[in-house]
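Visitor: Sequence and predicted model, in that order:
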Amino acid sequence: MTRIVLASQSPRRKKLLQQIGLAFEISPSDVEEISSHTEPGPMVEDLAALKATDVASKFSDSFIIGSDTIVVHNGEVLGKPADADEAFSFLSRLSGTHHFVYTGVAFVKTDKNGTIQAKHTFYEQTKVTFSTLGEQEIKAYIKSGNPMDKAGSYGIQDDLGALFVEKIDGDYYNVVGFPLNRFYREIKSFFPEFDIMSS
């Protein structure tokens, strides 16, 4: 049976794939995350493919899943905050406005010799609207430590982060970090041998 490898150490992606009963191992990529693309969709697809391809070099007869998530507000990419001050800046900007979350996913399949047989990428976009946040609310959330490892400085699944989201237009799980519905549809179309429903 082909090994399934997640090229990410994100606890959120791990949890979501476990949620659907997928049996996989984790091998995070340490490739430098630089993309030549400036448009958000192609950028996250490119970064996901970089990660999956990097990890694919270590596994033969395997199916590698790479992923990357970014937050885009008024055309600017907000990554993981460098410190509490940047987290405060990001959350202040998101307050009372909408932004977009993009997640890119890449599939890379290797043969028994470790050669890449097939590659496929896609991305999903979700629109998120924040209610207006007070300074003390933002500071309390930052004090919890939850914003520091997340793009845009928040997690929709967090106890406090969930309170900030007024509404979303699109896939909730995409905002968490992995678009499960699109993942399932793409797997069925491009790699039907992976029957998730019977795993």
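Guide: Perfect, thanks for sending it.
Visitor: which regions of the chain lie under the pLDDT threshold?
Guide: 1, 198-199 (pLDDT under 70).
Visitor: Scan it for its longest strand.
Guide: The longest strand of the chain (DSSP state E) is strand 116-130.
Visitor: In that one, which residues are buried?
Guide: By neighbour count on 16 or more other Cβ atoms under 10 Å, the buried set for strand 116-130 is 119-126, 128, 130. From N, CA and C alone the C-beta is placed, and that goes for glycine too.
Visitor: export the helix or strand just after it as CSV, just CAs?
Guide: Heading C-terminal from strand 116-130, the first helix or strand you meet, by DSSP states H and E, is helix 135-144. The C-alpha coordinates for helix 135-144 follow below in CSV (Å, rounded to 0.1, in the frame of the first residue of the first chain):
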residue,chain,number,x,y,z
GLU,A,135,-7.6,47.2,22.2
GLN,A,136,-8.0,45.2,25.4
GLU,A,137,-9.6,42.3,23.5
ILE,A,138,-6.7,42.2,21.1
LYS,A,139,-4.1,42.3,24.0
ALA,A,140,-5.9,39.6,25.9
TYR,A,141,-5.9,37.3,22.8
ILE,A,142,-2.2,38.0,22.2
LYS,A,143,-1.5,37.2,25.9
SER,A,144,-3.0,33.7,25.3
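Visitor: outside of the helix or strand just after helix 135-144, which residues touch it?
Guide: Downstream of helix 135-144, the next assigned helix or strand under DSSP H and E is strand 165-169. Applying Cβ atoms under 8 Å, 6 or more residues apart in numbering, the external contacts of strand 165-169 come out as 126-131, 156, 175.
Visitor: Look at residue 46 and tell me its secondary structure.
Guide: Here residue 46 takes the helix state, with states given by DSSP: H, G, I helix; E, B strand; the rest coil.
Visitor: If you drop the residues flanking it in sequence, what lies closest to residue 26?
Guide: In this structure, residue 26 finds its nearest non-sequential neighbour in residue 6, 5.1 Å apart by Cβ to Cβ, 6 or more residues apart in numbering.
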